[in-house]
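>>> Predicted coordinates and the sequence they were generated for:
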Protein chains: 4
Amino acid sequence: MNDIAELQKLLDPLFPGLMGVRLVAVAPDRVTAEMEVRSDLCTAGGILHGGAYMAFADTLGAVGTIVNLGPGKRTTTTDSSTKFIAGAPLGTTVSGESVALHRGRTTMVWQTSVRNAEGKLCAVVTQTQLVLDGRGS
Amino acid sequence: MNDIAELQKLLDPLFPGLMGVRLVAVAPDRVTAEMEVRSDLCTAGGILHGGAYMAFADTLGAVGTIVNLGPGKRTTTTDSSTKFIAGAPLGTTVSGESVALHRGRTTMVWQTSVRNAEGKLCAVVTQTQLVLDGRGS
Amino acid sequence: MNDIAELQKLLDPLFPGLMGVRLVAVAPDRVTAEMEVRSDLCTAGGILHGGAYMAFADTLGAVGTIVNLGPGKRTTTTDSSTKFIAGAPLGTTVSGESVALHRGRTTMVWQTSVRNAEGKLCAVVTQTQLVLDGRGS
Amino acid sequence: MNDIAELQKLLDPLFPGLMGVRLVAVAPDRVTAEMEVRSDLCTAGGILHGGAYMAFADTLGAVGTIVNLGPGKRTTTTDSSTKFIAGAPLGTTVSGESVALHRGRTTMVWQTSVRNAEGKLCAVVTQTQLVLDGRGS
C-alpha cells in the first residue's frame, strides 16, 4: 500500500487528521509530509508544540513501515527519541522527511527530520518499529 | 504558578487543549493529568496514537518545569525519549504522572508514566528541559 | 540463570569485566551492581565517562532480561536512552539499580538509575530488549 | 583544538584509550574514528557489546563539540539515544562517523553512525551536548 490518496484517507479520521498532516510523497525508503503550524498545535509563545513535532514524525515513520510490511504483518512503535533544535512559528508550515535507517524482518528504524519554512532543521525523531504477525494469527 | 485552573486555562487554546488534556494535580515535583482516548486521538486499530502519548507527556513535563522556574526564566524541551509498552483502547481514559528526576539551574529532567484505565503502564517518556533566560533578556 | 557467581563469571572476560562491573544482587525484576570510577573509565576532568555509565547500565538491563528468558530464547538491546544528570568523581564508586518496567514475550524494558557515593542520581538509562528465538532455531 | 595527535593524546589515558578508540579525521562538522572489536569489548556470542558502541559514539560527539567550543567554554553530554541495528563480530573493526546536526551557543547535537567492516550500519547514536562556561568562571 503506497498510494498516497489511500494512505491519506486512512490518516484523516485519526490523530494525524486532527493535526492536519498532509502526505506529500511515499516511497519504500522515504516518506515526506507537511503540516501547518495552527494556533491549536502550538505551545506558549506561538511556536509548534514539542508533542506536535513528535506526533507528526511518528506518523511518517509508521507510514514508511506500513509500506514495507509483508502480507499479514502489522507494526507498532516501540521507541521514539527526539532532539528539539529550533522552533517553528505560528502561521508557517513545517515539512517532514522520514528515511529508513533499517528495514529488517523484526524491526525497522526510521528517522524523521522536521524543517521549518526556511529549511532550518527543527527536530530529529528516530523511532523503532516492531514488525508483528497480524491480529488473529 | 501552580494554580491548576490558571495552568489549565493556559493550556486550553494550545495543543494540549486540542487533545483534551485535563490537569488533575500540580506540585513542584509531580504533575498528574488525564486524557480521554477519543477516536481523533487514535491510530489504526482503535488505540491511542503514539504521538498522542508523547504530546500528553511532553505537556506534563513542561508544566512541571514551569512550576519550578525562577522569575524571568523560561524553558524549552531539548530531548524526549519514549518507550511504548501497551495500548490504550478507544473510549477509555489514560492517566499520566510526571515526576521530577532532576531539578537543576540549567536543566530539569521529568519522567512521565502513562497508564490505561486498568492501571497498566502504557508508555514511559523521559524528557530534558533546558532552563533559559526569558525572552528579551 | 540467576546465580550471581555464575553471571559474574560470564561477564568477567567480556566488556563489563574490562570495566570492573561487580554484580551485587540479581532478581527477576531488579538487578544491582557497583563499579569503581577508575582513571581509565573517566573523561577529561576526572569524572566518569558518559560511555561508561551507558555500558554499565546496558549490562544490568541485559542481565535482568537474561534472568527472565524462557528456554531457547536469547535477547538483544534494540534501543537505549540516557539522561545524564550529575558527575561521579575519580576514586569513588557508582552503584546501579536496574528495574523492569515491562517484561513481555516480545520485548522487555529495563530502567537503570546510576548513583554516586552520596546517593545522588547521576544518570538514568532506559533500554528495550528484544526477545528472540535462540540461534539455530 | 582540532589537531588529531593532540586530541588522541588527550583520549589515550581515559576511557576511549581503554577501549582502543583511534581518531581518523576531525573537522568542525564531522569526526571519524575506528575501534577494533577485541574480546574484552564484546558481549556473549562474540559481538561488540552495546555499551561499547555507545561509549565509542559518545567519544566522537564530545570530540566534535570540543572542536567547536569558544574560549573558556566546556561541554557535557546531557542526553544520548541509541538504536542498535546489527552486530559487529570479534576480530573485525568498526568505524564511526559523527556529524553535527546542530551547533548552537547553548547546545550542540551530534549523530554518530557506527558501521561494521562490510559497511553495514550497526548503530546510530544521537546525543545532545550542553555548552557551559568553564570551571571557575
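Okay, I see it.
>>> Which secondary structure state does A:Pro13 sit in?
Assigned state for A:Pro13: coil (three-state reduction, DSSP: H, G, I helix; E, B strand; the rest coil).
>>> If you could redo that for A:Ala100, that was the one I meant.
Using three-state DSSP, the structure places A:Ala100 in strand.
>>> Provide a list of residues in contact with it.
A:28-30, A:64, A:68, A:108-110 (CB atoms under 8 Å, 6 or more residues apart in numbering or on different chains). In this view, the C-beta of every residue, glycine as well, is placed from N, C-alpha and C.
>>> do that again at 6 Å, thanks
For A:Ala100, the contacting residues are A:29, A:110, by CB atoms under 6 Å, 6 or more residues apart in numbering or on different chains.
>>> Quick check: it vs chain B, distance?
18 Å (CB to the nearest CB, to the nearest Å).
>>> likewise A:Thr126?
In this structure, A:Thr126 lies at 10 Å from chain B, with CB to the nearest CB as the measure.
>>> same thing with A:Gln8?
As for A:Gln8, its distance to chain B is 13 Å (criterion: CB to the nearest CB).
>>> same thing with A:Leu41?
In this structure, A:Leu41 and chain B are separated by 5 Å, where distance is defined by CB to the nearest CB.
>>> Give me the neighbour count for the residue in chain A positioned nearest to chain D.
In chain A, no residue comes nearer to chain D than A:Ser81, which is 3.5 Å away by CB to the nearest CB. Using other CB atoms under 10 Å in any protein chain shown as the criterion, A:Ser81 is surrounded by 27 other residues.
>>> List phi and psi for it.
For A:Ser81, the backbone dihedrals are phi -130, psi 130 (criterion: degrees, to the nearest 10).
>>> Could you pull up the residues touching it?
If a contact means CB under 6 Å, 6+ apart, then A:Ser81 has A:126, B:81, C:81, D:81 as its contacts.
>>> How about A:Thr78?
Applying CB under 6 Å, 6+ apart, the residues near A:Thr78 are A:128, A:130, B:84, C:128.
>>> Now do the contacts for A:Ala52.
When contacts are counted by CB under 6 Å, 6+ apart, A:Ala52 touches A:41, B:15.
>>> I'd assumed it was in a strand, is it?
No - residue state for A:Ala52 (three-state DSSP) corresponds to helix; a strand is not indicated.
>>> Setting the sequence-adjacent residues aside, check what's closest to the residue nearest the centre of chain A.
Compute the mean C-alpha point of chain A, and by CA atoms, centre = their mean the closest residue is A:Leu60, 2.4 Å away. Distances taken as CB to CB, 6 or more residues apart in numbering or on different chains place A:Ser98 nearest to A:Leu60, at 3.7 Å, with adjacent residues excluded.
>>> Touching, the one you found and A:Gly64? I think so.
Yes - using CB atoms under 6 Å, A:Ser98 and A:Gly64 qualify as a contacting pair, with a distance of 5.3 Å.
>>> need the strands for chain A, in chain order.
Across chain A, reading from the start of the chain, the strands by DSSP state E fall at A:22-27, A:30-36, A:42-43, A:47-48, A:73-84, A:93-103, A:107-115, A:121-133.
>>> In JSON lines, list those strands along with distance to C:Lys120 and mean pLDDT.
Converted to JSON lines, these look like this (distance: least, CB to CB, whole Å; pLDDT from 0 to 100):
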{"stretch": "strand A:22-27", "distance to C:Lys120": "47", "mean pLDDT": "98"}
{"stretch": "strand A:30-36", "distance to C:Lys120": "41", "mean pLDDT": "98"}
{"stretch": "strand A:42-43", "distance to C:Lys120": "31", "mean pLDDT": "98"}
{"stretch": "strand A:47-48", "distance to C:Lys120": "34", "mean pLDDT": "98"}
{"stretch": "strand A:73-84", "distance to C:Lys120": "25", "mean pLDDT": "97"}
{"stretch": "strand A:93-103", "distance to C:Lys120": "36", "mean pLDDT": "98"}
{"stretch": "strand A:107-115", "distance to C:Lys120": "34", "mean pLDDT": "98"}
{"stretch": "strand A:121-133", "distance to C:Lys120": "30", "mean pLDDT": "97"}
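>>> any chance of the ones you listed in JSON lines, plus distance to C:Ala88?
As requested, the strands of chain A are arranged in JSON lines below (distance: least, CB to CB, whole Å):
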{"stretch": "strand A:22-27", "distance to C:Ala88": "47"}
{"stretch": "strand A:30-36", "distance to C:Ala88": "42"}
{"stretch": "strand A:42-43", "distance to C:Ala88": "35"}
{"stretch": "strand A:47-48", "distance to C:Ala88": "36"}
{"stretch": "strand A:73-84", "distance to C:Ala88": "24"}
{"stretch": "strand A:93-103", "distance to C:Ala88": "32"}
{"stretch": "strand A:107-115", "distance to C:Ala88": "31"}
{"stretch": "strand A:121-133", "distance to C:Ala88": "28"}
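>>> between those, which gets nearest to D:Pro13?
Closest to D:Pro13 of those is strand A:73-84 (CB to CB; 30.9 Å).
>>> burial of A:Thr126, as a residue count?
Residue neighbour count, defined by other CB under 10 Å, stands at 26 for A:Thr126.
>>> Sorry, slip of the keys, the one I care about is A:Arg30.
15.
>>> Quick check: chain neighbours aside, which residue is closest to it?
Ranked by CB to CB, 6+ apart and with sequence neighbours excluded, the top spatial neighbour of A:Arg30 is A:Val99, at 5.3 Å.
>>> wait, doesn't the one you found sit right on A:Val31?
No - because the distance of 8.3 Å does not satisfy CB under 6 Å, A:Val99 is recorded as not touching A:Val31.
>>> Noted, bye for now.
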